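Chemist: Got a predicted structure plus its sequence, pasted below:
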Amino acid sequence: MDWNGRKIGVALDCDVLVCGGGPAGLAAAAAAARCGARTALLERYGFVGGMASAGLVNPIYGYFARGTRIVSGIGQELVDLLAAIPGGTLGHRERDDCAARRASHGECVEGRDEADCPVATVASVCPIDAEAVKLAGLRLLERAGVRTLLHAQVVDALREGERVTGVVLYGKSGFAAARAARLVDATGDADVAAFCGVPFRSGSEEDGSTKPPTLMFRIGGVKLSKDRIKARWPEGESEGAGGASCWLMALPRPGEYTVNAPTGIRGFDATGTESLSAAQATATGQVFRKLELLRRHVPGCGEAVLLSIAPQLGLRDSRRIVGDYTLTAEDVLECRSFDDGIARGAHPIDLHTGSPRFGGRNLIPVRCGRCYQIPYRCLLPQGAENLLVAGRPISADFLAQGSVRVMATCLAMGQAAGTAAALSYAASVAPRALDAAGLLSRLREQGALV
């Protein structure tokens, strides 16, 4: 076929094509294949897992709203697959500090109105091993019958009018086309949607700020056992470290922690090559400085050793598509339900940058034990047919995106997107014409919580 004056071959032709193998993409591909669609997944790395593997993000948040499970289905299957791998996961656990505070104060961990509790909706965590995620993700895809193509970078989209018909990929064999009747953009940055020219937003509507990146790294030899530790060092020694504190998040193996540390980078553009390059270089230098400070100032970390640095920056936001509905901060904070609600969320609005609207706060909690729904319409980009978007770039405002971006919620959105893609193909209707009631019914049959 012809692509911009270049003759390229067709690498694959399928019913549903999923671009991106992170949490949203894994769930989307598995769901579509289980609905009977010939499904393929493209992933730019030599492994799947996205932020859970390439980003070393740990733990997974979003499965529970206090004691109420809000994500199951394929999201839980991934945890079950991890549990079958030695050291793959500790499963769902209540944070140590939450359990201790509840024992002292009663049900409310802060001894006050839980509407203002800063940890109510992040009391449950699921520690994971990034390397095990790579295997568990491949097993999930293989068991569902998904054709998986690794080392395949999407570089353009193919369309006929407003119909998206496939993508152009680049790999060691060169450029090639991948054609499909339905596509799911799970790239994390809405790359396919952007290639199609659909409208999108980026940055805060309040002041244009963006959520800063983090470069996660893994350490061992830590003589501590608590599952979450706020590590601090003197402000005067923070030069080159990106800040004066970081979080240590326990991994499944004793003595190993993922370090979640602020980079202090502002004005970051996750879709700009130079911005990404500069931030990656800066953050890499910060890793070694942070490790030095941890050894010097944090009890139990005196003999800590560096095990690995994430292959890529931990990205919190970039593009957000303009969809048929835009999820708002009010939807999240008022825990709204929708007739076409395909997934549930309960994570705080976690910005890592101050919100002028909320007095400079960067963490705004959702009411304890409550959750909100994400409408199917948030997955449908305007100006493009046959395309759905799942994961952090869905149609949401800057504040709402600070909640929906966590991995368990992305798994749930991915399952909905893949199911919708397969059902719309089988019914010969556009995804936005799909009957929402039928979609919700099929998701419930798959064990999803909607």
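Modeler: Noted; the coordinates are in hand. Numbers count the residues shown, from 1 in each chain.
Chemist: What count of nearby residues applies to Ser428?
Modeler: Neighbour count for Ser428, taken as other C-beta atoms under 10 Å: 8. The C-beta positions use only the backbone N, C-alpha and C, and glycine is treated the same way.
Chemist: And Val192, by the same measure?
Modeler: For Val192, the tally of surrounding residues (other C-beta under 10 Å) stands at 28.
Chemist: Nearest residue to it in space, please, no chain neighbours.
Modeler: Distances taken as C-beta to C-beta, 6 or more residues apart in numbering place Asp185 nearest to Val192, at 3.9 Å, with adjacent residues excluded.
Chemist: separation between the one you found and Gly354?
Modeler: 30 Å (C-beta to C-beta, to the nearest Å).
Chemist: likewise Gly314?
Modeler: Distance, Gly314 to Gly354, using C-beta to C-beta: 19 Å.
Chemist: Comparing the two, which residue is more hemmed in?
Modeler: A count of neighbours by other C-beta under 10 Å puts Gly314 above the other of Gly314 and Gly354, at 19 against 15.
Chemist: you'd agree the more buried one is up against Leu56?
Modeler: Yes. Counting by C-beta atoms under 8 Å, Gly314 touches Leu56, with 7.4 Å between them.
Chemist: Where does pLDDT dip in the stretch 1-150 of the chain?
Modeler: 99, 101-121 (pLDDT under 70).
Chemist: Show me the strands in it, by range?
Modeler: Ranges of strands in the stretch 1-150 of the chain, per DSSP state E, counting those that start in this stretch, are 2-3, 6-7, 9-19, 39-42, 64-65, 68-69, 93-94, 124-125, 147-149.
Chemist: max-length helix in the protein?
Modeler: Ranked by residue count and defined by DSSP state H, the top helix of the chain is helix 273-297.
Chemist: what does that helix rub up against?
Modeler: Around helix 273-297, the neighbours that count as contacts under C-beta atoms under 8 Å, 6 or more residues apart in numbering are 213-215, 217, 219, 231-234, 237-238, 240-242, 246, 259, 261, 263, 265, 268-270, 301-304, 306, 309, 312-313.
Chemist: Give me the spatial nearest neighbour of Leu215, chain neighbours excluded.
Modeler: Nearest one to Leu215, counting by C-beta to C-beta, 6+ apart, is Ala283 at 3.5 Å.
Chemist: burial measure for Asp15, as a count.
Modeler: Using other C-beta under 10 Å as the criterion, the residues surrounding Asp15 number 19.
Chemist: I figured it hits Thr39, correct?
Modeler: Yes. Judged on C-beta under 8 Å, Asp15 makes contact with Thr39 at a distance of 6.7 Å.
Chemist: any shared contact partners between the two?
Modeler: Common neighbours of Asp15 and Thr39, using C-beta under 8 Å, 6+ apart, are Ala32, Ala422.
Chemist: In contact with Ala177, which residues?
Modeler: By C-beta under 8 Å, 6+ apart, the neighbours of Ala177 are Met1, Trp3, Ile8, Gly9, Val10, Ala11, Leu158, Gly166, Val167, Val168, Leu169.
Chemist: Overlap of the contact sets of Gly314 and Leu56?
Modeler: Jointly contacting Gly314 and Leu56 under the rule C-beta under 8 Å, 6+ apart are Met216.
Chemist: residues of the strand or helix carrying Gly418 that come out buried?
Modeler: Secondary structure from DSSP states H and E places Gly418 in helix 407-427. Residues of helix 407-427 classed as buried: 407-425 (neighbour count, 16 or more other C-beta atoms under 10 Å).
Chemist: What's the first helix or strand after it?
Modeler: Next helix or strand after helix 407-427 toward the C-terminus (DSSP H and E): helix 436-445.
Chemist: orientation of that following helix relative to helix 407-427 in degrees?
Modeler: If you take axes from the mean of the first three to the mean of the last three C-alpha atoms, to 10 degrees, helix 436-445 sits at 120 degrees to helix 407-427.
Chemist: and helix 436-445, what's its mean pLDDT?
Modeler: Average pLDDT, helix 436-445: 98.
Chemist: swap in stretch 300-313?
Modeler: The predicted model assigns stretch 300-313 a mean pLDDT of 98.
Chemist: Return the distance of that stretch from the chain's centre.
Modeler: The gap between where stretch 300-313 is centred and where its chain is centred comes out at 22 Å by C-alpha atoms, centre = their mean, to the nearest Å.
Chemist: returning to what we had before: sheet partners, orientation included, of the helix or strand following the longest helix of the chain?
Modeler: Sequence order places strand 305-309 as the next helix or strand after helix 273-297, per DSSP H and E. Partners of strand 305-309 in the sheet, by DSSP bridges, are strand 217-220 (antiparallel).
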